[in-house]
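A.B. asks: 3D model of this:
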Amino acid sequence: MREPAGRQGSANKHGVERAESGLLSRNTRFLLWKQEIPRDQWGTWLEARLSWSATRIKQLVRGQLDDSRLGYEEVSELSGLFRMNADEQELRYRDLVTERCDILRENLTFLFDSLERGGKKLLAEALSIDPTTVSRWLNGSFAPNNLTLASLSNYFGLPPGTDLTKDPIFLSVDPVAEAEQRQWVANHLKELSAEEFRLLYPAFRRLLEDR
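C.D. replies: Numbering: from 1, shown residues only. Next up is the predicted model:
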């Protein structure tokens, strides 16, 4: 059951790609996700099993490799890895994400899993909804309307125009929500060598000193 619909959101220009393009990358990430392979290991998992170069695999996983640049043999090798029908080129032409899962439900699960302890309660308070409504969203018995979805996108700091019903952010390689992006930056700052930090410090200072 869905709440009464609000105003239709605009198409996503900044989030995860839609089904119209990049199906090979999208389908590959979906099949890796289905096998419960950690997203930070998607590239290395494929490298250990495909004859492709590491650069080409990275481009595929990140959606930077146009489908037209992949030949029949490459797609067949990739299809065989996931036991897909190579002759019919299912990975190239079928939208497995839309066919095989509830994008909205998986997106909500992905986003709520990123919250810290007590985060669901805080979100419910921020959106002025009953905490039990969140549970109903996650079990699929009730879906938020478009206005609520827009509020959720804003709460999690998602890119403008993100459509949680169509854009599979749960398949994103990079952190999408603002909290995850901040954590990514913090983690990588800690990993910088002393020399790297000295080189980057002037840029950080120019960016942050007037805040």
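A.B. asks: Touching, residue 133 and residue 143? I think so.
C.D. replies: No. Under the criterion of C-beta atoms under 8 Å, residue 133 is not in contact with residue 143, lying 10.5 Å apart. Glycine gets a C-beta too; all of them are placed from N, C-alpha and C.
A.B. asks: between the two, which one's more packed in?
C.D. replies: More crowded of residue 133 and residue 143, by other C-beta atoms under 10 Å: residue 143, with 18 against 15.
A.B. asks: ok, the residue nearest to residue 130 when sequence neighbours are not counted - contacts?
C.D. replies: Among residues not flanking residue 130 along the chain, residue 124 sits closest, at 6.7 Å (C-beta to C-beta, 6 or more residues apart in numbering). Contacts for residue 124 (C-beta atoms under 8 Å, 6 or more residues apart in numbering) come out as 130-131, 133-134.
A.B. asks: so residue 57 makes contact with residue 47?
C.D. replies: Yes. Assessed by C-beta under 8 Å, residue 57 is found in contact with residue 47 at 5.5 Å.
A.B. asks: list the contacts for the residue lying closest to residue 126 once chain neighbours are set aside?
C.D. replies: Among residues not flanking residue 126 along the chain, residue 155 sits closest, at 6.1 Å (C-beta to C-beta, 6+ apart). Listed by C-beta under 8 Å, 6+ apart, the contact partners of residue 155 are 123, 126-127.
A.B. asks: Please tell me the pLDDT value assigned to residue 199.
C.D. replies: Residue 199 is assigned a predicted lDDT (pLDDT) of 76.
A.B. asks: Just the buried residues of whichever strand or helix holds residue 80, please?
C.D. replies: Using DSSP states H and E, residue 80 sits in helix 72-81. If you call a residue buried by 16 or more other C-beta atoms under 10 Å, then helix 72-81 has these buried ones: 74-79, 81.
A.B. asks: got the CA positions of stretch 130-142 in PDB?
C.D. replies: Below are the C-alpha coordinates for stretch 130-142, written out as PDB (Å, rounded to 0.1, in the frame of the first residue of the first chain):
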ATOM      1  CA  ASP A 130       5.600   7.400  13.800                       C
ATOM      2  CA  PRO A 131       8.600   5.100  14.300                       C
ATOM      3  CA  THR A 132       6.500   2.100  13.300                       C
ATOM      4  CA  THR A 133       6.000   3.700   9.900                       C
ATOM      5  CA  VAL A 134       9.800   3.200   9.300                       C
ATOM      6  CA  SER A 135       9.400  -0.500  10.000                       C
ATOM      7  CA  ARG A 136       6.500  -0.800   7.600                       C
ATOM      8  CA  TRP A 137       8.600   0.800   4.900                       C
ATOM      9  CA  LEU A 138      11.400  -1.600   5.500                       C
ATOM     10  CA  ASN A 139       9.200  -4.700   5.400                       C
ATOM     11  CA  GLY A 140       7.500  -3.500   2.300                       C
ATOM     12  CA  SER A 141       4.000  -3.300   3.700                       C
ATOM     13  CA  PHE A 142       3.800   0.400   3.200                       C
END
